[in-house]
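Peer 1: based on what follows, work out the 3D shape:
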Amino acid sequence: MSQTAKENASKKYFATFFKVILGLLFLGLGAWAILKWWSLLFMIIKGCLGPLLLLAGIITLIIAKE
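Peer 2: Just a heads-up that it's a prediction; the model follows:
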């Protein structure tokens, strides 16, 4: 294996390791945010339910028309 191939493999390994660590950090922060602001998140979900169902109905009617 040549020197440049080893360097490329090392860089690729480091980049993958960094992405995994960053992903785990984001997952942890996301879980913490959901637990901390659960009541507000639940209120937002309930508030979006009506428009979401309306949009689903419109899309269903458009598909049925075709």
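Peer 1: what's around residue 19, how many residues?
Peer 2: Residue 19 has 10 neighbouring residues, counting by other Cβ atoms under 10 Å. Just so you know, the C-beta spots here come from the backbone N, C-alpha and C atoms, and that holds for glycine as well.
Peer 1: which parts of the helix or strand it falls within are buried?
Peer 2: According to DSSP states H and E, residue 19 maps onto helix 3-36. Counting neighbours by 16 or more other Cβ atoms under 10 Å, one finds that helix 3-36 has no buried residues.
Peer 1: how far does that helix sit from the chain's center?
Peer 2: 15 Å (Cα atoms, centre = their mean, to the nearest Å).
Peer 1: next structured bit after it?
Peer 2: Per DSSP H and E, helix 3-36 leads on to helix 38-65 as the next helix or strand towards the C-terminus.
Peer 1: next, the angle helix 3-36 makes with that next one.
Peer 2: With axes from the mean of the first three to the mean of the last three Cα atoms, to 10 degrees defining the directions, helix 38-65 sits at 110 degrees from helix 3-36.
Peer 1: how far is helix 38-65 from where the chain is centred?
Peer 2: Taking mean C-alpha positions (Cα atoms, centre = their mean), helix 38-65 and its chain are 19 Å apart.
Peer 1: same question, stretch 51-66
Peer 2: Mean-position distance between stretch 51-66 and its chain equals 25 Å (Cα atoms, centre = their mean).
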